[in-house]
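Enquirer: sequence plus predicted model, see below.
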Amino acid sequence: MATIRKKGNFQWHVQIRRKGFPVATKTFEIEDAAIKWARDIESKMDKGIYFDRTEAERTTLGDLINKFLKEHAPHEYKQREDGKEAYKFQCAHLKKGLGKYCLAAIDQRLVAKYRDDRLSDKWRGKTITGSTVKKELNMLSRLMRFAEIEEGIDLPRGNPVRKVRMPKDGVGRDRRLTEEEWKRLEAECGASRNRSLWPCVRLAIALGARQGELLNLQWKDVNKKRSMALLRETKNGDDRAVPLTSEALAVLNSLPVSITGGKVFNMARMTLYHAFIAAVKRAKISDYNFHDLRHEALSRLSERGDLSMLEIASISGHKTLKMLQRYTHLNAEKLAKKLG
């Protein structure tokens, strides 16, 4: 039964106690509004569809993100030495776009508007890709689950992300250098003041490793006798053993090994980034970044024709073969020759 008390000239306090439900309370400035709310809540309790909206109305997405980053994220995500954690950037964009809204107010229409606004944004002169926005929406869904499961906050609308169409992933980059461009890149990398730049580029192609995997590689994880190396802190979270080709061994043998061991390349991510971009510009090469070296490496593996997709996946670290389908077209010419 609802109890309505007048606590001041413009304060009507409502309290509803019913067995099997949490106590529902709210204060209104007008008595009619208090009576209407009480009837609505009691009706929902009768039908068994009542949700306590108090915490969802009191907590903004910005508040939730702050708590997630402080209390939950350090345990869920491994902290990288270079400070690059994608989830932080995703949370920052979500906080900027939706942080002022309380959780109860975030519905599919608001999420859809965020999606469309982000798809029209630009970064460094280029439109934000669908895959980037999709990752942000996945983070928003994770935050909503965190609110429900970890914080015990009832979301009256449920998880709104599940009701929104996800943007399509962008078309994968297919930028490969010509033979002449490779010659210019090698010359400029070799001329760089960063003496580790060219060995790093060569090893990236030889291992098919991502930039972070390469910079985290330690000498203790390199076994030259068995021709293998162990990549740790990979994108999918699992350690991955990769074979060391003759090219990879040649690069490793050319590098100095510290007495204390340590990392193969002792430099920060941004140091490598700036050195590589500078070399690319000096070589007069357009639209090329360090991650394109991984695409080059996997393309070369696919073009060999003697490796199965499962073998390539074990090297690349892809968990599903679907991620490698974009490289299958590279084998078409070789398959045609085999078929006659």
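Expert: Nice, thanks for sending it over.

Enquirer: how is the protein divided into domains?
Expert: What the record gives for the chain is the domain set 2-50, 58-163, 179-339, from automatic domain parsing.

Enquirer: how about a markdown table for those domains, with distance to residue 173 and mean pLDDT added?
Expert: The C-beta positions use only the backbone N, C-alpha and C, and glycine is treated the same way. Formatted as a markdown table, the domains of the chain follow (distance: least, CB to CB, whole Å; pLDDT from 0 to 100):
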| stretch | distance to residue 173 | mean pLDDT |
| --- | --- | --- |
| domain 2-50 | 49 | 79 |
| domain 58-163 | 10 | 87 |
| domain 179-339 | 6 | 85 |
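
Enquirer: out of those domains, which comes closest to residue 169?
Expert: With CB to CB, the closest approach to residue 169 among the domains of the chain belongs to domain 58-163: 4.4 Å.

Enquirer: how about residue 163, what does it touch?
Expert: Residue 163 makes contacts with 108, 111, as judged by CB atoms under 8 Å, 6 or more residues apart in numbering.

Enquirer: not counting its neighbours along the chain, what's nearest the residue nearest the centre of the chain?
Expert: Computing the C-alpha centroid of the chain and ranking residues by CA atoms, centre = their mean puts residue 86 first, at 4.8 Å. Leaving aside its chain neighbours, residue 86 sits nearest to residue 135 (7.1 Å; criterion: CB to CB, 6 or more residues apart in numbering).

Enquirer: which strands or helices does the helix or strand the one you found falls within pack on?
Expert: Assessed by DSSP states H and E, residue 135 sits inside helix 130-145. Other elements packing on helix 130-145 under the criterion 3 or more CB pairs under 8 Å, 6 or more residues apart in numbering; DSSP states H and E are helix 61-67, helix 86-98, helix 108-119.

Enquirer: follow-up on the earlier one: export the domains of the chain to JSON lines and tack on distance to residue 169?
Expert: Shown next, in JSON lines, are the domains of the chain (distance: least, CB to CB, whole Å):
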{"stretch": "domain 2-50", "distance to residue 169": "37"}
{"stretch": "domain 58-163", "distance to residue 169": "4"}
{"stretch": "domain 179-339", "distance to residue 169": "11"}
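
Enquirer: picking that back up, helix or strand right after the helix holding residue 135?
Expert: Following helix 130-145 toward the C-terminus (DSSP H and E): helix 179-190.

Enquirer: so where do the helices sit in the stretch 151-300 of the chain?
Expert: Here the stretch 151-300 of the chain has its helices, by DSSP state H, counting those that start in this stretch, at 179-190, 197-207, 211-215, 246-253, 269-282, 292-304.

Enquirer: so how far is the shortest one off the chain centroid?
Expert: Taking the mean of its C-alpha atoms, helix 211-215 sits 16 Å from the chain's own mean (CA atoms, centre = their mean, to the nearest Å).

Enquirer: follow-up on the earlier one: among the helices and strands packed on helix 130-145, which comes closest to residue 148?
Expert: Between those, helix 61-67 lies closest to residue 148; by CB to CB that is 10.8 Å.

Enquirer: show me what the next helix or strand after that closest one is packed against.
Expert: Downstream of helix 61-67, the first helix or strand assigned by DSSP H and E is helix 73-76. If contacts are counted by 3+ CB pairs under 8 Å, 6+ apart, helix 73-76 sits against no helix or strand.

Enquirer: redo the helices and strands packed on helix 130-145 as TSV? Include distance to residue 205.
Expert: Formatted as TSV, the helices and strands packed on helix 130-145 follow (distance: least, CB to CB, whole Å):
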stretch	distance to residue 205
helix 61-67	39
helix 86-98	24
helix 108-119	33
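
Enquirer: out of everything not next to it in sequence, what's closest to residue 10?
Expert: residue 29 is the one closest to residue 10 (CB to CB, 6+ apart), at 4.6 Å.
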